[in-house]
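J.: mind folding the following:
(one chain, ligands or ions: 1)
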Amino acid sequence: MRTVFAVNKPELCHELFEHFAGCNVVHLSSVSELLVYLYAHRLSGEDTFERTLSLVVHQQPQRDSQSSSDPELESITTAELAYLVQKQFPCFSLSVTAPAEVPKALKHLRECASLYASRLARVSTWMYNNYEGCKKPFTGHETHNACQQDETTPNSSSCSANVYTMLSHLTRVRNNSHQSAGLPCTKLISTALNLRDLIILPKDKVSSDHYWKLISTWDFCAMSLSTSELIWCSYLILKKVAHDANFHISDNDLFLFLLSLEASYHQGNKFHSFRHAVDVMQATWQLCCHLKSHFEKNSSILVVCVAAIGHDVGHPGTNNALMCDPISPVAKLYNKASVLENFHTEIFSDLLQEHWPQILQQKTILSDTILATDMALHSQYVQLMDAGPSKLPSLLSLILKAADISNVTRPLHISTNWAVLITCEFSECAALLKSIQNNDIYGHKVTDCDEPIPDCIESILIKYPSIPKGQLLFINAFAESLFAGLAECFQELRFLHNNVQANKKFWEGKCK
Ligand SMILES: Nc1ncnc2c1ncn2[C@@H]1O[C@@H]2COP(=O)(O)O[C@H]2[C@H]1O
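T.: Okay, here's the model as predicted:
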């Protein structure tokens with residue numbers, strides 16, 4: 001079922017009723033109402049806008065039309081709305097069209113439906129489909145048929161129903177980077193909407209004290225938080241470290257940055273989602289607090305926390321091996337070197353350019369720390385740590401690298417929950433590999449392991465018997481050497497090594 005959003009012209013549906021058969025039609029009276037609808041449904045989880053292809057039908061406003069909402073936002077053209085939607089909701093498969101183009105647009109959506117038929121089909125589409133978006137770069141000022149629609153089949157490179165692919169995301173970002181400023185999206189939205197109103201917290205937990213206590217301990221459990229709560233915790237941390245670093249950003253702009261970042265992660269990923277990013281940022285911030293005396297500038301703490309929350313942006317929920325074999329269009333662009341990490345860095349830099357350009361004054365720290373999370377470089381970092389203080393890699397890179405795998409140092413029940421999620425993601429990768437070998441990428445129906453994680457560890461181990469061995473393998477191959485090395489170099493981080501040792505002991509007991 002496709003969702004059609006009829007914006008700013010309710011009678012649209014009567015004129016186009018025959019074309020909307022089988023669609024869920026949502027009437028919205030303005031662009032700001034559309035934005036609020038998208039943010040609210042994304043935050044509540046009611047709709048990720050990633051699993052199906054939706055259509056926004058927008059009537060070009062009359063020159064003299066008056067709007068009850070923000071006049072500047074409501075007077076944008078349909079092409080400008082298409083540009084704004086792509087910019088603010090990068091991972092959404094949401095096409096914007098004028099009424100005249102509806103029949104053709106819906107035909108394209110139907111043709112592309114197979115690309116979204118299952119989790120596996122979506123992941124394959126994101127990674128391997130070579131649709132690169134609208135060929136001509138959007139300046140945001142074109143007329144509404146800027147995106148030349150092509151009649152070819154959906155699986156080829158030119159299904160122009162704004163199907164999300166990693167290549168289209170990167171192509172748009174690269175088009176943006178060498179263009180003069182396009183539509184001032186951030187200004188338009190932050191002027192029209194009070195974004196704090198979108199962050200709905202549980203009634204009994206509205207006070208910041210509750211969340212401040214949560215984020216200030218190593219027992220932080222990102223799994224137990226809603227998307228709104230994750231955004232609220234991120235806001236509290238970033239507001240604090242930005243204040244300490246004298247980097248000013250208004251609350252509304254910080255919320256808009258976080259909302260756009262959340263919409264740039266795939267909510268359906270088991271492990272590599274916005275939730276993981278917030279967990280890594282909270283760990284990064286806590287490690288910086290433990291190592292405060294080692295920092296000359298508070299801006300370093302801000303930049304590494306920002307790098308942490310953006311370090312996996314746009315992650316497809318697989319890994320570099322699957323990005324390179326079969327070779328994906330994005331892997332070709334990076335010559336198979338740290339493909340995902342380079343992708344995250346480019347995508348995140350574009351997002352910061354739009355929402356928090358001041359951070360890009362430290363672009364090198366941002367890219368170095370994100371690239372340090374490539375596990376192919378793991379042994380180099382461990383050897384450098386063992387080589388003594390003079391060879392020590394950048395402390396900021398070590399901190400983000402440690403935070404990225406710090407789930408194995410969290411209290412056992414929290415660590416076990418992360419182990420379930422990574423185990424589900426690994427099994428999806430195995431299913432994808434199998435479908436590639438069977439040359440059946442789009443047709444394969446892998447069962448989403450969307451089931452809730454069992455409450456107690458014993459039930460988890462009955463349901464996921466491979467976890468003890470998998471955790472031991474990972475701790476012995478990667479985590480123990482890193483956290484032992486960090487404990488040697490920084491006494492303040494000994495607790496990490498103690499925690500991973502305790503968890504390892506538990507897993508050894510389960511493997512007997
Ligand atoms: N608890 C865990 N068990 C097994 N592998 C893990 C665990 N946590 C992190 N990883 C792996 O460590 C990798 C760190 O980089 P990535 O986030 O790309 O992908 C991560 C996973 O492949």
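
J.: hang on, L55 is in a strand, isn't it?
T.: Yes. Residue assignment for L55, taken from DSSP: H, G, I helix; E, B strand; the rest coil, places it within a strand.

J.: how much space separates it from R2?
T.: To R2, L55 is 6 Å away according to C-beta to C-beta, to the nearest Å. C-betas here are computed from N, CA, C, even on glycine.

J.: so between those two, which is more surrounded?
T.: Under the criterion of other C-beta atoms under 10 Å, the comparison of L55 against R2 puts L55 first, with 27 against 17.

J.: in the sheet, who's paired with that one?
T.: For L55, the beta-bridge assignment (DSSP bridges) gives partners V4, S95.

J.: re earlier: which residues are in contact with each of L55 and R2?
T.: 23, 106, 109 (C-beta atoms under 8 Å, 6 or more residues apart in numbering).

J.: pLDDT score for whichever residue of the chain sits closest to the ligand?
T.: Closest contact between the chain and the ligand, by C-beta to the nearest ligand atom, is at F474 (3.6 Å). F474 is assigned a pLDDT of 98 by the prediction.

J.: ok, the residue lying closest to it once chain neighbours are set aside - contacts?
T.: Spatially, and ignoring its direct neighbours in sequence, F474 is nearest to V408 (6.8 Å; C-beta to C-beta, 6 or more residues apart in numbering). Applying C-beta under 8 Å, 6+ apart, one finds that V408 lies in contact with 415, 418, 471, 474-475, 479, 500, 503.

J.: go on, K297?
T.: For K297, counting by C-beta under 8 Å, 6+ apart, the contacting residues are A245.

J.: what do you get for H276?
T.: Applying C-beta under 8 Å, 6+ apart, one finds that H276 lies in contact with 222, 312.

J.: can you report phi and psi for it?
T.: phi -60, psi -40 (degrees, to the nearest 10).

J.: okay, it: pLDDT?
T.: Per-residue confidence at H276 stands at 98 (pLDDT).

J.: over to I453?
T.: So I453 comes in at 86 (pLDDT).

J.: over to A117?
T.: With respect to pLDDT, A117 scores 84.

J.: about what we covered before: so the residue nearest to F474 sits in a helix?
T.: Yes. With three-state DSSP as the criterion, V408 is located in a helix.

J.: what pLDDT does it get?
T.: Reading off the per-residue confidence, V408 sits at a pLDDT of 98.

J.: likewise for D448?
T.: At D448 the predicted local distance difference test score is 57.

J.: tally up the residues packed near P326, please.
T.: For P326, the count of nearby residues is 11 (other C-beta under 10 Å).

J.: and the lowest-mean-pLDDT helix or strand in the chain, what does it pack against?
T.: Ranking every helix and strand in the chain by mean pLDDT, DSSP states H and E puts helix 12-15 at the bottom, with a mean of 71. For helix 12-15, not one helix or strand is in contact under the criterion 3 or more C-beta pairs under 8 Å, 6 or more residues apart in numbering; DSSP states H and E.

J.: alpha carbons only: can I get it in CSV?
T.: Output in CSV follows, covering the C-alpha atoms of helix 12-15 (Å, rounded to 0.1, in the frame of the first residue of the first chain):
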residue,chain,number,x,y,z
LEU,A,12,-6.9,17.1,-5.4
CYS,A,13,-8.2,13.8,-4.3
HIS,A,14,-11.5,14.2,-6.2
GLU,A,15,-9.7,15.2,-9.4
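
J.: the chain - how does it break down into domains?
T.: The record assigns the chain these domain ranges, following automatic domain parsing: 3-187, 203-396, 412-510.

J.: any chance of those domains in a markdown table, with distance to N194 too?
T.: As requested, the domains of the chain are arranged in a markdown table below (distance: least, C-beta to C-beta, whole Å):
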| stretch | distance to N194 |
| --- | --- |
| domain 3-187 | 10 |
| domain 203-396 | 7 |
| domain 412-510 | 33 |
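
J.: weakest of these in terms of mean pLDDT?
T.: Of all the domains of the chain, domain 3-187 has the smallest average pLDDT, which comes to a mean of 80.

J.: who in this protein is up against the ligand?
T.: By the rule C-beta under 6 Å from any ligand atom, the part of the chain lying against the ligand is 373, 375, 404-405, 407-408, 418-419, 422, 470-471, 474.

J.: show me where the stretch 51-200 of the chain has helices.
T.: Defined through DSSP state H, counting those that start in this stretch, the helices belonging to the stretch 51-200 of the chain, from first to last, are 71-74, 78-88, 102-112, 119-128, 166-177, 185-192.

J.: can you add mean neighbour count and give those back as a markdown table?
T.: Shown next, in a markdown table, are those (neighbours: other C-beta atoms under 10 Å):
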| stretch | mean neighbour count |
| --- | --- |
| helix 71-74 | 17 |
| helix 78-88 | 24 |
| helix 102-112 | 19 |
| helix 119-128 | 23 |
| helix 166-177 | 20 |
| helix 185-192 | 19 |
